[in-house]
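K.L.:
give me a model of this one.
(one chain, ligands or ions: 2)
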Amino acid sequence: MDEVKEPEVKEPEVKEPEVKEPEEKCYHCNKKLKMIHFICRCNHKFCIIHQNPHNHNCYYDYKTNWQNKLKIENPQTIHQKLVKI
Ligand SMILES: [Zn+2]
Ligand SMILES: [Zn+2]
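P.N.:
Ligands and ions are numbered 1, 2, ... in the order given. Coordinates of the predicted model:
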């Protein structure tokens, strides 16, 4: 008697899709950020090396901000009327 071999049916390997969590990366050097990261005023995250705005060509206009701050802190002399109660 001839034995009839059933054809081997290989189940296709089902790979679970890897769910990758969004990695925190330095916006400037793409280095992975683990525990420590810095969010600059330009709303990007940076590593400890590039946290300084000067180190990542920050587009946040510090100069303008600084000038505005000066204006606020040192307003031009305004003749204030003294109001006597
Ligand atoms: Zn970096
Ligand atoms: Zn920045």
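K.L.:
next up, phi/psi of His54, please.
P.N.:
Torsion angles at His54 (phi, psi; degrees, to the nearest 10) stand at phi -70, psi -20.
K.L.:
and if you look at Lys45?
P.N.:
According to degrees, to the nearest 10, Lys45 has phi -100, psi 140.
K.L.:
for it, grab the count of nearby residues.
P.N.:
16 (other C-beta atoms under 10 Å). C-beta: built from backbone N, CA, C; applies to glycine.
K.L.:
show the contacting residues for the closest residue to it other than its chain neighbours.
P.N.:
Distance criterion C-beta to C-beta, 6 or more residues apart in numbering; nearest residue to Lys45, sequence neighbours excluded, is His37 at 4.9 Å. Counting by C-beta atoms under 8 Å, 6 or more residues apart in numbering, His37 makes contact with Glu24, Cys26, Lys45, Phe46, Cys47.
K.L.:
which of those residues are close to ligand 1?
P.N.:
Residues of the contacts of His37 in contact with ligand 1 (C-beta under 5 Å from the ion): Cys26, Cys47.
K.L.:
my guess is Ile49 meets His56, correct?
P.N.:
No - counting by C-beta atoms under 8 Å, Ile49 sits too far from His56 to count as a contact (9.1 Å).
K.L.:
which of those two has more neighbours?
P.N.:
Neighbour count, other C-beta under 10 Å: between Ile49 and His56, His56 has more, with 20 against 13.
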